[in-house]
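Colleague: Quick one: sequence plus predicted model below, questions after.
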There are 2 protein chains.
Amino acid sequence: AYCRDQNYELRGIGIPKSVENDLFGTDHSPGYASAARTNILNVMQAGILARDMQRHNKFVIYQTTGRDTGWLAAATAMARKEEDDAPHLIYTPEFVFDDEKFLTDVEKCIKNYGWVSVVCGEGLKYADGTSVGVSETKDKFNNIESGAMRGTSLGISLHRMIAGKFGYRGEFQITESLIMSDFVRASQTDLEEAYLCGVEAVKLANKGETGFMVSIDRMSDEPYIIRFGKIPLKEVAIAAKPMSEDYFNEERNNVSEDFMEYVRPLIGDLPEFTRLEKKMIKIR
Amino acid sequence: AYCRDQNYELRGIGIPKSVENDLFGTDHSPGYASAARTNILNVMQAGILARDMQRHNKFVIYQTTGRDTGWLAAATAMARKEEDDAPHLIYTPEFVFDDEKFLTDVEKCIKNYGWVSVVCGEGLKYADGTSVGVSETKDKFNNIESGAMRGTSLGISLHRMIAGKFGYRGEFQITESLIMSDFVRASQTDLEEAYLCGVEAVKLANKGETGFMVSIDRMSDEPYIIRFGKIPLKEVAIAAKPMSEDYFNEERNNVSEDFMEYVRPLIGDLPEFTRLEKKMIKIR
């Protein structure tokens, strides 16, 4: 408005950017696929280690960012090739969290696989709206801590629930911004699209457009085809775009094939690890 | 002994393996350099993000494994090229931890750089032997938790100290076993040496040797030259090999050039990131 008053020729074109993938008006946002890929590799590789260590440690909890939406947590399903691969359970802020159901889910996995890999988005809430990650630790003024902790203690809360109920040993991993800065493990598709979004923005500005954000519109999942569009800026940041219900299983503790079709082309190739068969052999 | 009694021809040759690098009798252990390299990349890349975000978040705490020794925490110094790069402060279990000194160190860094990156080994202890990471949270029987937490809440304790004293916002990152399973970012030197240790063990067994561990003996730092040796197994696992005092600075909050010479050849090349100069320019 100031620029307009001054008759200053300014054109404003937005470029989508959100590792949490929660912008409206675009199929996805640059940044998301790379952060997701780092999460996937973390869950996949730590899962192989955890599976081999199941005699000592029965569970591993991976906490990822995503206060309001589960896009990042959900993507870790890409780590799973066989049913018993990590992650077994994925909980996202789209649904109310229930202690009892959680512990039942955990027990079932440990019974079936011998161990359990749990992925959680940091923003999990109970039915009454309180955060699952709020620490019960009191600060020096005897207030319950939560602001300073910024919700990052969710992994610890879940750890405490499992250890408290079953007495198992396990670990929690809280990676916070590590996933948004991991250039080495970035998604190639993501890097290319980020660059092309910039090119598109310059083209729009050159045409005299203003007040838009470049959007990525998906034409097809397989082959993966996108084209760039534009959406008025004021329609973009109205709220965090939640995941569709169709992207989850009925139990709300895992994703659906619909979501896998959405996320697969964004991530790129993943490393293959050899898995030895467990086979008893008779000696003589 | 059982095999000897049975006249069963068994030859036992150990191969060093410890991400924590705490075996006696070998310059270093396969596994260490790869876990260290993942830590370095984590601290380096999250450090660049944290530096750019210093108006919002003043500190980032990175907790690594290493209950008794600081080898893994210390290696993150490789992330630092300029004085103000992450990590600024490194605390290891080799030295007694002091709250007051820690907060003074933190304050100094924030004054000098605008933010601070802290790396800590999980096993930090106070002068009276109590763990810095013991949670003050009570379990349902009103006991102070620590066993179930397995010391992993150190990062939170440090977070609480800084937020409590200065009121700053910041984050903590607890990666646990993620660093020991990150094949994608492994050190090439480490992968090669691990393989060659196996070859060496087979050679020793073929020669009829038994009761030894293959050792890596370093001949020169630069050029990096090693040769393989052997050490009696009973001399290896007597205790965790601590870092030498010469590997630290006088303040015990950082490593020395001696340590950098030790660790540099193990890690391999690190990515280079462009750093823009801050330069005020006059318009007209």
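Modeller: Looks like it arrived, so ask away.
Colleague: Can you find which helix in chain A contains the most residues?
Modeller: Taking DSSP state H as the criterion, chain A has its longest helix at helix A:32-52.
Colleague: for chain A, which spans come out with low pLDDT?
Modeller: Across chain A, the ranges flagged by pLDDT under 70 are A:135-152.
Colleague: Provide the secondary structure category for the residue nearest the centre of it.
Modeller: For chain A, the residue nearest the mean C-alpha position is A:Leu72 (1.1 Å; C-alpha atoms, centre = their mean). Assigned state for A:Leu72: helix (three-state reduction, DSSP: H, G, I helix; E, B strand; the rest coil).
Colleague: same thing with the one 5 residues further on?
Modeller: Taken by three-state DSSP, the conformation at A:Ala77 corresponds to helix.
Colleague: Contacts only, for it.
Modeller: When contacts are counted by C-beta atoms under 8 Å, 6 or more residues apart in numbering or on different chains, A:Ala77 touches A:87, A:90, A:254-255, A:259-260, A:263. Every residue, glycine included, has its C-beta placed from N, CA and C.
Colleague: neighbour-wise, which of these leads?
Modeller: Neighbour counts for the contacts of A:Ala77 peak at A:Pro87, which has 29 neighbours (criterion: other C-beta atoms under 10 Å in any protein chain shown).
Colleague: Find the helix or strand that it is a member of.
Modeller: Counting by DSSP states H and E, no helix or strand carries A:Pro87.
Colleague: As a check, name the ranges of all strands in the stretch 1-150 of chain A.
Modeller: With DSSP state E, counting those that start in this stretch, the ranges of strands along the stretch 1-150 of chain A come out as A:13-14, A:59-64, A:89-91, A:116-121.
Colleague: right, so of these, which gets closest to A:Leu191?
Modeller: Of all those, strand A:13-14 sits nearest to A:Leu191, with 19.4 Å by C-beta to C-beta.
Colleague: tally of neighbours for the nearest residue to A:Ser117 once chain neighbours are set aside?
Modeller: Closest residue in space to A:Ser117, ignoring its immediate chain neighbours: A:Ala86 at 3.4 Å, by C-beta to C-beta, 6 or more residues apart in numbering or on different chains. Using other C-beta under 10 Å as the criterion, A:Ala86 is surrounded by 27 other residues.
Colleague: do you know how far A:Ala86 is from A:Phe228?
Modeller: When C-beta to C-beta, to the nearest Å is the yardstick, A:Ala86 and A:Phe228 sit 35 Å from each other.
Colleague: And A:Ile267, by the same measure?
Modeller: Distance of A:Ile267 to A:Phe228, computed by C-beta to C-beta: 20 Å.
Colleague: Identify the residues contacting the nearest residue to A:Arg37 once chain neighbours are set aside.
Modeller: Distances taken as C-beta to C-beta, 6+ apart put A:Ser187 closest to A:Arg37, at 4.5 Å, once the chain neighbours are dropped. Applying C-beta under 8 Å, 6+ apart to A:Ser187 gives the contacts A:33-34, A:36-37, A:266-268.
Colleague: can you do 7 Å?
Modeller: By C-beta atoms under 7 Å, 6 or more residues apart in numbering or on different chains, the contact list for A:Ser187 reads A:33-34, A:37, A:266-268.
Colleague: picking up where we left off before, wait, which of the contacts of A:Ala77 is closest to chain B?
Modeller: Chain B lies nearest to A:Pro87 out of those, by C-beta to the nearest C-beta, at 13.7 Å.
Colleague: Would you list the phi and psi of A:Leu178?
Modeller: Reported as degrees, to the nearest 10, the phi and psi values for A:Leu178 are phi -60, psi -30.
Colleague: and it, what does it touch?
Modeller: So A:Leu178 contacts B:42, B:46, B:173 (C-beta under 7 Å, 6+ apart).
Colleague: A:Asp258: neighbour count?
Modeller: 14.
Colleague: my bad, should have said A:Met44
Modeller: Using other C-beta under 10 Å, A:Met44 has 24 neighbouring residues.
Colleague: likewise the one 3 residues further on?
Modeller: Here the count is done by other C-beta under 10 Å, and A:Gly47 has 25 residues near it.
Colleague: That one is in contact with A:Met78, isn't it?
Modeller: No. Contact criterion C-beta atoms under 7 Å: A:Gly47 and A:Met78 do not qualify, at 11.9 Å.
Colleague: Would you map the helices across chain A?
Modeller: A:2-5, A:32-52, A:71-75, A:99-113, A:154-166, A:188-206, A:257-267.
Colleague: Could you single out the most deeply buried of those helices?
Modeller: Comparing the helices of chain A by mean neighbour count (mean count of other C-beta atoms under 10 Å in any protein chain shown), helix A:71-75 ranks first with a mean of 30.
Colleague: Grab the nearest non-local neighbour of A:Lys125.
Modeller: A:Ser131 (5.7 Å).
Colleague: how far away is the one you found from A:Gly121?
Modeller: 12 Å.
Colleague: Ok, A:Ile90 next?
Modeller: Distance from A:Ile90 to A:Gly121, counting by C-beta to C-beta: 8 Å.
Colleague: any common contacting residues for these two?
Modeller: A:Ala73.
Colleague: Quick one: neighbours of the residue nearest to A:Arg51 when sequence neighbours are not counted, just the number.
Modeller: Among residues not flanking A:Arg51 along the chain, A:Trp115 sits closest, at 6.3 Å (C-beta to C-beta, 6+ apart). If you count neighbours by other C-beta under 10 Å, A:Trp115 ends up with 24.
Colleague: for A:Trp115, what are its contacts?
Modeller: A:50-51, A:54, A:58-59.
Colleague: Could you rerun that using 6 Å?
Modeller: A:50, A:54, A:58 (C-beta atoms under 6 Å, 6 or more residues apart in numbering or on different chains).
Colleague: ok, now A:Thr76?
Modeller: Taking C-beta under 6 Å, 6+ apart, we find A:Thr76 in contact with A:39-40, A:43, A:87, A:119.
Colleague: One more: A:Leu41?
Modeller: Contact analysis of A:Leu41 by C-beta under 6 Å, 6+ apart lists A:185, B:184.
Colleague: hmm, 10 Å instead?
Modeller: A:76, A:78-79, A:179, A:182, A:185, A:267, A:270-271, B:178, B:181-185 (C-beta atoms under 10 Å, 6 or more residues apart in numbering or on different chains).
Colleague: Pull out the buried residues from these.
Modeller: Among the contacts of A:Leu41, those classed as buried by 16 or more other C-beta atoms under 10 Å in any protein chain shown are A:76, A:78-79, A:179, A:182, A:185, A:267, B:178, B:181-182, B:184-185.
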